[in-house]
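> What would the 3D arrangement of this be:
(one chain, ligands or ions: 1)
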Amino acid sequence: MALDQETLTQLLDTVRRYVRERLLPLEMQIAEEDHIPEDVINEMKELGLFGLSIPEEFGGLGLTMSEEVAVIQEMGYTSPAFRSMFGTNVGIGSQGIIMDGTPEQKTKYLPLLASGELIGSFALTEPDVGSDAGAVRTSAQRDGDDYVLNGTKRFITNAPRAGVFTVMARTGTREDGGKGVSAFLVDANLPGIQLGKPDKKMGQKGAHTCDVIFDNVRVPKTALIGGIEGQGFKTAMKVLDRGRLHISALSVGTAKRLIDESVRYSTERRQFGTAISNFQLLQAMLADSQTEFYAGKCMVEETARRYDARQKVSRDAASCKLFCTEMVGRVADRAVQIHGGSGYISEYCVERFYRDVRLFRLYEGTSQIQQLVIAKDMIREA
Ligand code: COS
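Just a heads-up that it's a prediction; the model follows:
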């Protein structure tokens, strides 16, 4: 349900202040220690961030997509690890249940996900299955009233803290492709689940991913999302449509931070007897970044509005993801350039963001997958 304007303004003000006054000063520490302190996680729980998108009846804030992208733009202003901590509960780790879960599944998991008591992870990618999401090999074999899961999932965000995984596993044959994939809610403490070592990543320190190995993991048939086999691929695609919009909003928020850092540095840094912001070649970089940021912001807000109006937005969400994640890559590159040699030094945050934003073009579908989604939809329509 949409918030009234005053409540929304209050929420956005609170998040903005929290991000800028509490989280920004912690960025360097998080990057060095690769760890978000528990008190920060508890504060984020109290702010309701874990339940942004979860309906109010299950204890969440029940934000619309337009409201969610507004909050996530604010969160994008700081290190992505903070957003990542609650991001799976808001998006890919809860949306399968919200969209396609049975009433019992919703009642069992959503309140715990909304409060942050339980962390939800989304387990689609595998060692040999990335972009071709319909080809998952992890198997779920029916055995009486249970399913038995076997396989390995890779790069699973928040897996080390997860309490429940949304696992895409094959109930049909390989030839069935996406139609043979089903989605399961798998409690992380079940026997047979093993976590791999935390992945050593290029950036996004403080956000953790690892392999999740399922070795004869027995789940009851009530773990099947919606109770229907063969729907998992479509569930994943719907979850990702929404997730792509969320990541686009995050990219827009980070672009804003990089632009602000660029303006600040260029007005303070002096060369040839004047602030470097007085040079037109530098102004061109600022203007290009600002223009692209603004284009991305408009795309995200318009697509979120159409999502809330229940229009089909797969193509536009993919366009947002393609444009905004590539855009923030260019903005980060210019930010480093504007900072000159200092931009290559980790004391300046642009160096860190340059590495952090690289992931945005990869996860929840690479830029090339977004191009495929857009073009396929155009051709289908024609
Ligand atoms: N919403 C609802 N249904 C969708 C959908 C969507 N966004 N996208 C596809 N579907 C449905 C199609 O309608 C089709 O249904 P029917 O068989 O009933 O006609 C079915 O799913 C198969 O669709 P399609 O033929 O387009 O699937 P493809 O196997 O060709 O692959 C891509 C589609 C490549 C787009 C998909 O595999 C994908 O998004 N891959 C990237 C995965 C990803 O993002 N991974 C990142 C890691 S997860 S964090």
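> My read is that D333 contacts Y354, right?
Yes. The pair D333 and Y354 qualifies as a contact (CB atoms under 8 Å) at a distance of 7.0 Å. C-betas here are computed from N, CA, C, even on glycine.
> of the two, who's got more company?
Set side by side, D333 and Y354 show unequal neighbour counts under other CB atoms under 10 Å, the larger going to Y354 at 22 against 17.
> what's the neighbour count on K321?
32.
> Quick check: closest non-adjacent residue to it.
The shortest distance from K321 to any non-neighbouring residue, by CB to CB, 6 or more residues apart in numbering, is to R244 (3.9 Å).
> now that neighbour: how far from E27?
Separation of R244 from E27 (CB to CB, to the nearest Å): 25 Å.
> Those two - which one has more neighbours?
For R244 and E27, the more surrounded residue by other CB under 10 Å is R244, and the numbers stand at 28 against 18.
> The more buried one belongs to a strand?
No. When classified by DSSP: H, G, I helix; E, B strand; the rest coil, R244 is found to be helix rather than part of a strand.
> The ligand contacts on the stretch 101-250 of the chain?
Taking CB under 6 Å from any ligand atom as the contact definition, the stretch 101-250 of the chain meets the ligand at 122, 124-125, 131-134, 178, 233-234, 237-238, 240-241.
> how does it look with 5 Å?
Within the stretch 101-250 of the chain, the residues that sit near the ligand (CB under 5 Å from any ligand atom) are 124-125, 131, 133-134, 178, 234, 237-238, 241.
> for the stretch 251-382 of the chain, same thing?
314, 364-365, 369, 373.
> can you rerun that using 6 Å?
By CB under 6 Å from any ligand atom, the residues of the stretch 251-382 of the chain that approach the ligand are 314, 363-365, 369, 372-373.
> Would you show me how to pick out the buried ones of the residues you listed in ChimeraX?
Isolation of the buried members of these (16 or more other CB atoms under 10 Å) is achieved in ChimeraX through the command below:
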select :314,363,364,365,369,373
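> Now the residue of the chain most remote from its centre: phi and psi?
In the chain, the residue that sits farthest from the middle, by CA atoms, centre = their mean, is G273; the gap is 44.1 Å. Here is the backbone geometry of G273 (degrees, to the nearest 10): phi 80, psi 10.
> so what pLDDT did it get?
In this model, G273 is scored at 98, pLDDT.
> Could you do L3 as well?
L3 carries a pLDDT value of 84.
> One more: K256?
On the pLDDT scale, K256 is placed at 98.
> ok, now which ones touch the residue farthest from the centre of the chain?
Contacts for G273 were tallied using CB atoms under 8 Å, 6 or more residues apart in numbering; there are none.
> ok, so what distance separates it from F279?
To F279, G273 is 11 Å away according to CB to CB.
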